[in-house]
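1. Could you work out the structure for the sequence below:
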Amino acid sequence: HLIDPWARDPHCGASNLRAYLGKIYKATPENSPFGNPVPCDHNGVEIIHDASDPRLKEWLPVYEGRE
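-> Prediction:
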């Protein structure tokens, strides 16, 4: 966890943690843990991050009479 999930106001539930210090780097093959500067899961498998990804077609519904 980046923050404490229980750090919230006891009366209204709003988070009292509003800002976090951190460094942001451009994704490059050199600083990517798997050598590919694209969003990946924890195993290094590229996640779907673009509407042109062919894996999205696997989720299309198949209706009778259509292929």
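2. Could you use CA atoms for every contact and neighbour count after this?
-> Noted.
3. now the spatially most central residue of the chain: how far from residue 64?
-> The chain has residue 39 as the residue nearest its centroid, 6.9 Å off, counting by Cα atoms, centre = their mean. Distance, residue 39 to residue 64, using Cα to Cα, to the nearest Å: 36 Å.
4. what's the answer for residue 14, then?
-> 49 Å.
5. more crowded one of these two?
-> Each of residue 14 and residue 64 has its neighbours counted (other Cα atoms under 10 Å); residue 14 has more, 10 against 6.
6. With adjacent residues omitted, what lies nearest to that one?
-> Closest residue in space to residue 14, ignoring its immediate chain neighbours: residue 8 at 5.4 Å, by Cα to Cα, 6 or more residues apart in numbering.
7. For burial, what's the neighbour tally of the one you found?
-> By the criterion of other Cα under 10 Å, residue 8 has 13 neighbours.
8. Quick check: bridge partners of it?
-> Beta bridges link residue 8 to residue 15, judged by DSSP bridges.
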